[in-house]
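Asker: sequence plus the predicted model coming up.
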Amino acid sequence: YPSTEVMLLNFLTHQSDRVAPSSLQVYFHGIRHHHVELGMPLEPFQSPRVRLLLQGIARTDKTAPQRLRGAATPSDLRDVRKFMRGGSWSAPDQVMLWSALTLAYYGFLRVSEYTATGPQRMLTVDRVTLGTDAVVIELPYSKTAQLGDGRAVTVGATGDGTCPVAALKAYL
């Protein structure tokens, strides 16, 4: 250490059978960034041989295209619930997780909108209004409203086993 041109060529060649070219680029730039941070020489990263190798790996890539995932369905939610019941979670944890899953599913929430990444972004009980047939969640943060004003999401009752309103009532 620091990396040499030969080390980079060997690493990239070795990894080319295991990861996609785009991931290889991320690895390459991560190693380069580490060198920048530590004040190490950057010449190996500017080598024409290294650049040509990366281009060749990308050109000859034979990785299969990613499979498109189907949309999640209420049936998938029920399967998750069965899995949770057979797991090692405590009953209170199951109730909390089920409530979070159903609210996220029916409210089209992103993970960052209902998980805590800091005190200002924490979704707390005082930001939830529970009605008889709907729940209103005041999200403190949203990808579409990043300046701290958040947004309100209304999630209606479904009246079935995946009802987010019933799940939240059971949790609260």
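Answerer: Arrived safely.
Asker: what sits against the spatially most central residue of the chain?
Answerer: Closest residue to the average C-alpha location of the chain: V111 at 7.0 Å, with C-alpha atoms, centre = their mean. V111 is in contact with A104, counting by C-beta atoms under 8 Å, 6 or more residues apart in numbering. All C-beta atoms are positioned from the backbone trio N, CA, C, and that covers glycine.
Asker: how about 6 Å then?
Answerer: V111 makes no contacts at all, as judged by C-beta atoms under 6 Å, 6 or more residues apart in numbering.
Asker: just the pLDDT at it, thanks.
Answerer: At V111, the pLDDT value in this model is 83.
Asker: make 59 the first number, not 1, from now on.
Answerer: All right, first residue 59 from here; so that's V169.
Asker: next, it: phi, psi?
Answerer: The phi and psi values for V169, taken as degrees, to the nearest 10, are phi -50, psi -40.
Asker: what is the neighbour count of the nearest residue to A174 once chain neighbours are set aside?
Answerer: Leaving aside its chain neighbours, A174 sits nearest to M180 (4.3 Å; criterion: C-beta to C-beta, 6 or more residues apart in numbering). A count of nearby residues for M180, using other C-beta atoms under 10 Å, gives 13.
Asker: can you tell me how far M180 sits from T173?
Answerer: Look at M180 and T173: by C-beta to C-beta, to the nearest Å, they are 9 Å apart.
Asker: picking that back up, give me the distance between the residue nearest to A174 and P150.
Answerer: For M180, the distance to P150 - C-beta to C-beta - is 19 Å.
Asker: tell me the phi and psi of the nearest residue to L188 once chain neighbours are set aside?
Answerer: Leaving aside its chain neighbours, L188 sits nearest to L226 (6.0 Å; criterion: C-beta to C-beta, 6+ apart). Torsion angles at L226 (phi, psi; degrees, to the nearest 10) stand at phi -70, psi -40.
Asker: I figured L226 hits S157, correct?
Answerer: Yes: counting by C-beta atoms under 6 Å, L226 touches S157, with 5.1 Å between them.
Asker: local confidence estimate at L135?
Answerer: pLDDT at L135 comes out at 94.
Asker: give me every residue that touches it.
Answerer: L135 neighbours (C-beta under 6 Å, 6+ apart): 163, 220.
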